Every structure is written in structure tokens, then in C-alpha cells.
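Q: Quick one, fold the following:
(2 chains)
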Amino acid sequence: MTEPQITGHISKRFDQELEDIRNKVMSMGGLVENQVASGVKCLVASDSELARKLIADDHEVNRMEVEIDEECVQILARRQPAAGDLRLIVAVIKTITDLERIGDQAEKLGRIQLELEQQEISSSTYIKLEHLGELVGKILHSALDAFARMNVADAMATIELDIRVNDEYDSLMREMITHMMEDPRTIRSSLRISWCARALERIGDHAKNICEYVVFLVQGKDVRHITPKEQPGL
Amino acid sequence: MNISVTEDVEKSAAAPLQLKKDKTSPSPQDFTGTIGEIHLDDPKISTRNVNVFYGEKQAIFDVSLDIGRNEVIALIGPSGCGKSTYLRALNRMNDTIAGCRVEGSLQLDGEDIYAKTMDPVLLRARVGMVFQKPNPFPKSIYDNIAYGPRIHGLARNNVEIDEIVETSLRRAGLFDEVKDRLQSPGTGLSGGQQQRLCIARAIAVDPEVILMDEPASALDPIATAVIEELIDELRANYTIVIVTHSMQQAARVSRRTAYFHLGKLIEVGKTSQIFTNPRHELTENYITGKIG
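A: Alright, predicted model coming up:
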């Protein structure tokens, strides 16, 4: 097993193509990170302007997914990559799918803010989401970082972090259920907060997937659907 | 001048490797042994510590490898890495080269291939060979196939010869294309057909192993696909060792792949592993096109 190096091909153009793809994944990642931050912020600060911008920008995320996908297909067809190059392309194809879905979840947050605006509901209770949002943003950031540096240790540490997201999500849900039981009039708003929390929790899962692709990319091992304890030699 | 052969070869190895920034990366100089499982239970061919010299120059260094029954194994590596030399050592084709010396143990079904009692002509009937360039005899299609069985006395009469010719051509997937012109010259066939004729000729003497030295490199993609399909079918009855420069071909046809570099067997493993996750950096560099 050797760590993949993107450059060093006899064909300099191939080096360039792979670099280009990696750079595009990173800028797509940057954009998606912004989208997630905006999603949390627009709810917490009741900022409908930001929500509208966030929804509009999702098109850009989708466009990048299509563009990178197409470049990967071209490389598969024209270069027939093997070994580390093949794993890179496969990891990229999967990563951008997860990034696009993260984008969709962020867009969902924006749409909920617009609903709240229409019904003239103040979203002061959405402050509860801030902590979960921060945690998810952090995980997404380290996942993209691990991808950029092809670092397995960082990827594994980030996978572990996702457990904290799930804990946070569970405790938020318990709190919401308590509210709903105490005062049924809060059911509508509590459910809405739960959906937002659910979206954030999903984003954490997608970030975790990206980390698993990093492990596959670097070590050629598939660590999906097994617990960290079952992973020998990581 | 009295430079040792090993040093000479190693010096030429140093050139491409100087480009590497990572000093810890393994190189043929630090070669400590082949990565991967060289041993098989009940192998068809077993080779241990094979060294091949052309005069003073050593072309193969200490190669040990087992080749299984009914398996297709691909030997890959850059030009001059020794894969063809190793292939030719398996049926003593190197005997014909003046100054070529083979050391080590090479066994076919436990019999020493280089034993004095081993008749090279009979050995080559058991271990057939197909070359890069189709080389049919300047005879009819029929005689191309019939020649081997006749000189080896594999048939008692012409009916049996007829039978062998038909079966061999059928197995090589050529019969239907040439059945109406068996008496036309073999050289009049297309390149792909000629190559299949050569495979039929190799099959006609009922070999156990077929060595192929870039059998499809002179053929178009269609003829290549036909040959590859044929290799897949032949696997049922024969052991096939194929040398190829086409990585995709090795990936398509073989079950195991062996990577040679500067006369050394660097890595051997299942083809599925070698092409997705090779363990040696030199293998990775070669199959991803990073050796310059």
C-alpha cells in the first residue's frame, strides 16, 4: 500500500487534470461549508435575506457537482486510471455526491426560515440550533481538510466526532419532546426545530462519509458500515 | 575493465529513481524480496532463485514464483525488466541464444526443466509459445496446424490429423472463418487470424502450458478482444503465462499479476489487488504511469 500522490505522472497533462479535479472539489467543499454556515445563521438570526441567497446559491453547488462528475467520467474514459489514481477518482465521485446532499440539507434550513417569515413567527427559539450547527460545521471542515491533505488520522478522528453530533441531536430531540408534552401548542414550532436539527445531523453523516472515502483513497480499505473498533490497523 | 555485472545494472537503475524526493521510498537497490505470495500449493510450474545471464550481464535476479494450474498469470513491467527473459526461460527458448545462462530451480510438474534428460523439443511441445508477431509457416493453413502433430507422432493416420486440425482451429475460434480455404497459405490471413492460427498451432500438439509474449500488441482492438476472449476459454484446459505491455489487457485477462523491475520480481498478487491497491511503490508508479 502506498499513499497516493497526485503528481508525478509521465503525462504532465494528467497531473494537471487530477490537480484540477482536486481543486474543484475543494472549492465545492468551501462553497458547501458556507452554505451550511448560512443555513444555521439565517435561522438563528431570522435573516430571510441570507436564506434567499442560500437557496439561490444551491444551484452553484449542483452545477459544480455536474461539472466535476463530467471531468471524472472523461478521466475514466480517456486515462483508464489504476491504483491510487483510480481510488482518487472513485473517492471524488462519491465525495461530490455527499457534498451536493449537504448543500440540499443547507437549502432546507433556508426554506424553513422563509416559511417562518411568511407565518411571521419569531425564531428566537432557534438559538438552540447554534451549538449543533457549530459542531456540524467543524466536522465538515475537518472532513474537507482530511480530504485535501489525504490524511487518514484526521479522517478517523473526524469520524469519531460524528458520535458527538448524534449525541447532541438526541439530547435536542429529548428536549423538544419534553416541550411538546408539556405544552401541545409548541408542537408545530418544536417539530420545525426538530427538522432543522435532523438536517444538521444528516450533514454530519455526509461529512463522515467523506472521511471514509479519504481512508479508501489513501489506504485502499473500505471502512464503511463497520465500527471504529472493528477496523484493524487504523 | 572489471566492473561487476550487478553494479552495472544497478547504476542504470539509479537514473529514474533520482527524481524521487522521498528518500524512504523503496527502490530496487533496497530490494529485500518479492512482495506478495510467490508460493502456491500444487503449482504447474515452480521456479526458485532464478538468475539469467546474457554473457556477463545479468538480466534476471533471484526470481522465485509459482504458476498455478489453469491459471492466467500476467507478467508486466517496463521494457528491459526481464519479463520476456523469464518467460523464455520457462521453455528453454533462451537455449538458442549464445552466451545465455540460466541458474536456479525451474520445475514443470516437479520435473527439472533444465535437466540433461529433458529434451527441449518435447519440453516445447508441453510448454508452447505464441509470439508478439504472428509467424505462420509459409505453408497452407492446414499444414501449419498439422506440422507439429506429425513430427511429434501424435496421429496415426490422416483422419486423426484432420481431426486435430479441426479441433485446434475450433478451439482457437478460427475454424468457421477458414474451413473453406484450409489449403490456402496461412500468410494470407489477416493479422488477428494469423495470431489465432499460431495459437491453434500451439494447441495442436496438446501442450500443458502456453506462454504468450505480447500476443495482441500488433492487433487492432477487435482482434485483440477476440484473442482475449480466447485466452479466457483456453484457461479451462491450459496454464497461460502472458507478457504484456498493455496494463488494461493484463487487468482484463489475468487472475494474478507479477510486476518485474530491472530484472527483479517486485510484487505478485491477485490482479484485482494489483490494479486497485498495489503494495509496492514501484508497482504503483508503473501502473499509474509515473515511471519516467
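Q: hey, let's count contacts and neighbours off CA atoms from now on
A: Noted.
Q: What residues does chain A have near chain B?
A: By Cα under 8 Å from any Cα of the partner chain, the residues of chain A that approach chain B are A:1-2, A:8-11, A:81-87, A:219-220.
Q: B:Val205 touches B:Pro149, doesn't it?
A: Yes - the criterion here is Cα atoms under 8 Å, and B:Val205 meets it with B:Pro149 at 5.4 Å.
Q: More neighbours: which of these two?
A: B:Val205 (26 against 21; other Cα atoms under 10 Å in any protein chain shown).
Q: could you list every residue that touches the more buried one?
A: B:Ala125, B:Arg126, B:Gly148, B:Pro149, B:His152, B:Leu154 (Cα atoms under 8 Å, 6 or more residues apart in numbering or on different chains).
Q: neighbours of the second one, just the number please.
A: B:Arg126 sits with 19 neighbouring residues when counted by other Cα under 10 Å.
Q: hey, where'd the strands end up in chain B?
A: Shown for chain B, the strands assigned by DSSP state E span residues B:45-54, B:57-67, B:72-76, B:100-108, B:111-112, B:127-130, B:209-213, B:239-243, B:256-261, B:264-270.
Q: out of the ones you listed, nearest to B:Met93?
A: strand B:127-130 (9.3 Å; Cα to Cα).
Q: Give me the buried stretch members for stretch A:128-148, please.
A: The neighbour-count check on stretch A:128-148 (16 or more other Cα atoms under 10 Å in any protein chain shown) flags A:129-130, A:132-147 as buried.
Q: oh sorry, the question was meant for stretch A:214-224
A: In stretch A:214-224, counting by 16+ other Cα under 10 Å, buried: A:Val214, A:Val215, A:Phe216, A:Leu217, A:Val218, A:Gln219, A:Gly220, A:Lys221, A:Val223.
Q: Pull the contacting residues for the third one.
A: Counting by Cα under 8 Å, 6+ apart, A:Phe216 touches A:Arg87, A:Ala91, A:Asp222, A:Val223.
Q: same check, this time on B:Ile141
A: B:Arg181, B:Leu182, B:Gln183, B:Ser184, B:Pro185, B:Gly186, B:Leu197.
Q: Try it again at 10 Å.
A: B:165, B:169, B:178-179, B:181-189, B:194, B:197-198, B:201 (Cα atoms under 10 Å, 6 or more residues apart in numbering or on different chains).
Q: Give me the buried entries from these.
A: Buried among these (16+ other Cα under 10 Å): B:Val165, B:Leu169, B:Val178, B:Leu182, B:Pro185, B:Gly186, B:Thr187, B:Leu189, B:Gln194, B:Leu197, B:Cys198, B:Arg201.
Q: so, if you compare the residues you listed, which one comes nearest to B:Glu281?
A: B:Cys198 (37.1 Å).
Q: wait, doesn't that closest one sit right on B:Met129?
A: Yes - with contact defined as Cα atoms under 10 Å, B:Cys198 reaches B:Met129; the gap is 8.8 Å.
Q: and for those two, which residues touch both?
A: B:Pro215.
Q: who's in contact with whichever residue of the stretch 101-250 of chain B sits closest to chain A?
A: Per Cα to the nearest Cα, the residue of the stretch 101-250 of chain B with the smallest distance to chain A is B:Gln248, at 8.0 Å. Listed by Cα under 10 Å, 6+ apart, the contact set of B:Gln248 reads A:Gln80, A:Pro81, A:Ala82, B:Phe275, B:Ile287.
Q: and these, which are buried?
A: A:Pro81, A:Ala82, B:Phe275, B:Ile287.
Q: so of the residues you listed, which ones are in helices?
A: Taking DSSP state H, the ones among those that sit in helices are B:Ile287.
Q: hang on, the earlier thing: between the contacts of B:Gln248, which is nearest B:Val159?
A: B:Phe275 (47.4 Å).
Q: so what's the closest one closest to, chain neighbours aside?
A: Of all residues not flanking B:Phe275 in the chain, A:Ala83 sits nearest, at 5.1 Å (Cα to Cα, 6 or more residues apart in numbering or on different chains).
Q: Let me know whether that neighbour touches B:Met247 as I believe.
A: No - contact criterion Cα under 10 Å: A:Ala83 and B:Met247 do not qualify, at 11.5 Å.
Q: Residues of chain B that sit close to chain A?
A: Contact residues (Cα under 10 Å from any Cα of the partner chain) of chain B with chain A: B:19-20, B:25, B:247-248, B:251, B:272-292.
Q: switch the cut-off to 6 Å
A: B:Phe275, B:Thr276, B:Asn277, B:Pro278, B:Arg279, B:Glu281, B:Thr288, B:Gly289, B:Lys290, B:Gly292 (Cα under 6 Å from any Cα of the partner chain).
Q: count of residues packed around the fourth one?
A: This means B:Pro278. Neighbour number of B:Pro278 under other Cα under 10 Å is 27.
Q: Among the buried residues of stretch A:128-148, name the ones in helices.
A: A:129-130, A:132-147.
Q: where do the helices sit along the chain?
A: This is for chain A. A:12-44, A:48-79, A:83-118, A:129-149, A:152-182, A:187-219.
Q: meant chain B actually
A: According to DSSP H, the helices that chain B contains are B:5-17, B:83-89, B:120-126, B:141-151, B:158-171, B:175-178, B:191-204, B:221-234, B:247-253, B:271-274, B:281-287.
Q: Let me have the ones you listed in a markdown table, adding mean pLDDT as columns.
A: Shown next, in a markdown table, are the helices of chain B (pLDDT from 0 to 100):
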| stretch | mean pLDDT |
| --- | --- |
| helix B:5-17 | 36 |
| helix B:83-89 | 94 |
| helix B:120-126 | 92 |
| helix B:141-151 | 93 |
| helix B:158-171 | 92 |
| helix B:175-178 | 92 |
| helix B:191-204 | 92 |
| helix B:221-234 | 88 |
| helix B:247-253 | 91 |
| helix B:271-274 | 93 |
| helix B:281-287 | 92 |
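Q: which of those helices sits most buried?
A: helix B:191-204 (a mean of 26; mean count of other Cα atoms under 10 Å in any protein chain shown).
Q: Name the residues that touch it?
A: B:Gly128, B:Pro134, B:Ile145, B:Ser168, B:Leu169, B:Ala172, B:Leu219, B:Ala223 (Cα atoms under 6 Å, 6 or more residues apart in numbering or on different chains).
Q: how about 7 Å then?
A: With contacts defined as Cα atoms under 7 Å, 6 or more residues apart in numbering or on different chains, helix B:191-204 is touched by B:128-130, B:134-136, B:144-145, B:148-149, B:164-165, B:168-169, B:172, B:174, B:186-187, B:219, B:223.
Q: same check, this time on stretch B:154-169
A: So stretch B:154-169 is contacted by B:Tyr142, B:Ile145, B:Ala146, B:Pro149, B:Phe175, B:Ala200, B:Ile203, B:Ala204 (Cα under 7 Å, 6+ apart).
Q: Enumerate every residue touching the first one.
A: By that I understand B:Tyr142. B:Val165, B:Leu182, B:Gln183.
Q: Out of those residues, which is nearest to B:Gln107?
A: Of these, the one sitting nearest to B:Gln107 (Cα to Cα) turns out to be B:Val165, at 30.1 Å.
Q: Kindly provide the distance from B:Leu65 to chain A.
A: Distance of B:Leu65 to chain A, computed by Cα to the nearest Cα, to the nearest Å: 21 Å.
Q: rewinding a little: rebuild the strands of chain B as a markdown table, extending it with mean pLDDT, mean neighbour count and distance to A:Leu109.
A: Output for those, formatted as a markdown table (pLDDT from 0 to 100; neighbours: other Cα atoms under 10 Å in any protein chain shown; distance: least, Cα to Cα, whole Å):
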| stretch | mean pLDDT | mean neighbour count | distance to A:Leu109 |
| --- | --- | --- | --- |
| strand B:45-54 | 95 | 20 | 66 |
| strand B:57-67 | 94 | 21 | 61 |
| strand B:72-76 | 96 | 26 | 54 |
| strand B:100-108 | 94 | 19 | 70 |
| strand B:111-112 | 94 | 14 | 74 |
| strand B:127-130 | 93 | 24 | 66 |
| strand B:209-213 | 95 | 25 | 62 |
| strand B:239-243 | 96 | 26 | 58 |
| strand B:256-261 | 95 | 25 | 52 |
| strand B:264-270 | 95 | 23 | 48 |
